[in-house]
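Next input, structure requested:
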Amino acid sequence: MAKKTKKQQEALKLIDRTKQYSTEEALKLVKENATAKFDETVEAAFRLGVDPKKADQQIRGAMVLPHGTGKTQTVLVFAKGDKAKEAEAAGADYVGEQDLINKINQGWFDFDVIVATPDMMAEVGKLGRVLGPKGLMPNPKTGTVTFDVEKAVKEIKAGKVEYRVDRQANVHVPIGKASFELDQLVENFEALASTLIKAKPQSSKGVYLRNVAVTSTMGPGVKIDPTTLA
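The predicted model follows:
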């Protein structure tokens, strides 16, 4: 592990690891601790009171953050005919059919998100073994299997993020960059928290927001008081 700089050590002293902060206080500390030479990504982590083994408690979806993520996503669209032209006009980086499927099978992955029209899914589905493990498989729940390719591409370019509960009932989502203004990070975080709260399954019992924290790429995690979000 890299040795912490004097600046990092000083900033760390400001964080009480046993304390749960307000959203604004926590994100302010994250910004102060983002001392790397690059613009660190700020990420939110939620531990939810759900059982991911149960089909009705597998929380998954997508949303557009009010201020985007600070990263422009490279979008690949599987579509044909007019839908391919629509994707190109909307700003997709790569548009194609079997030609792109063949490229991916040969190990090409120069993209961040895949959108596919439903009529392409029979062919795209064959890529499941290579796309699945990378989390790149298009899915109707996240709006990436759709005939409205223009909307899908524009939303992704505007800062759409996907959220998905993992096997340990955690959700990790990037909410911006350390260079963002504090109020932009707060608004992005609150929009995400609100979306996850609305996604609470009816069958989920007990406390829903168990643990909430924010961190930057190289910085320490800072806990947020979940009771302030409900």
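
Can you give the contact residues for stretch 124-144?
60-62, 78, 101, 104-105, 109, 111, 113-116, 121, 145-146, 151-152, 155, 160, 162, 164 (C-beta atoms under 8 Å, 6 or more residues apart in numbering). From N, CA and C alone the C-beta is placed, and that goes for glycine too.

Kindly report the same for stretch 114-122.
With contact meaning C-beta under 8 Å, 6+ apart, stretch 114-122 is reached by 75-80, 83, 87, 92, 97, 124, 131, 136-138, 144-147, 149, 152-153, 156.

Of the contacts of stretch 124-144, grab the buried ones for PyMOL.
In PyMOL, selecting the buried portion of the contacts of stretch 124-144, with burial taken from 16 or more other C-beta atoms under 10 Å, looks like this:
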select buried, resi 61+62+78+101+104+111+113+114+115+116+145+146+152+155+160+162+164
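
and the contacts of stretch 124-144, which of them are in strands?
Judged by DSSP state E, the contacts of stretch 124-144 include 60, 61, 62, 78, 113, 114, 115, 116, 160, 162, 164 as members of strands.

Compute the mean per-residue pLDDT across stretch 193-207, please.
The average of the pLDDT scores along stretch 193-207 is 93.

in this structure, which segments are predicted with low confidence?
Regions of the chain meeting the criterion pLDDT under 70 cover residues 1-12, 230.

thought residue 79 was touching residue 86?
Yes: using C-beta atoms under 8 Å, residue 79 is in contact with residue 86, at 7.4 Å.

joint contacts of the two?
When contacts are counted by C-beta under 8 Å, 6+ apart, residue 79 and residue 86 are jointly contacted by residue 149.

Keep only those of the contacts of stretch 114-122 that are in helices.
Among the contacts of stretch 114-122, DSSP state H puts 83, 87, 124, 131, 149, 152, 153, 156 in helices.

Now the two most distant members of those.
83 and 131 (19.8 Å; C-beta to C-beta).

and residue 172, helix, strand or coil?
Under DSSP: H, G, I helix; E, B strand; the rest coil, the three-state class of residue 172 is strand.
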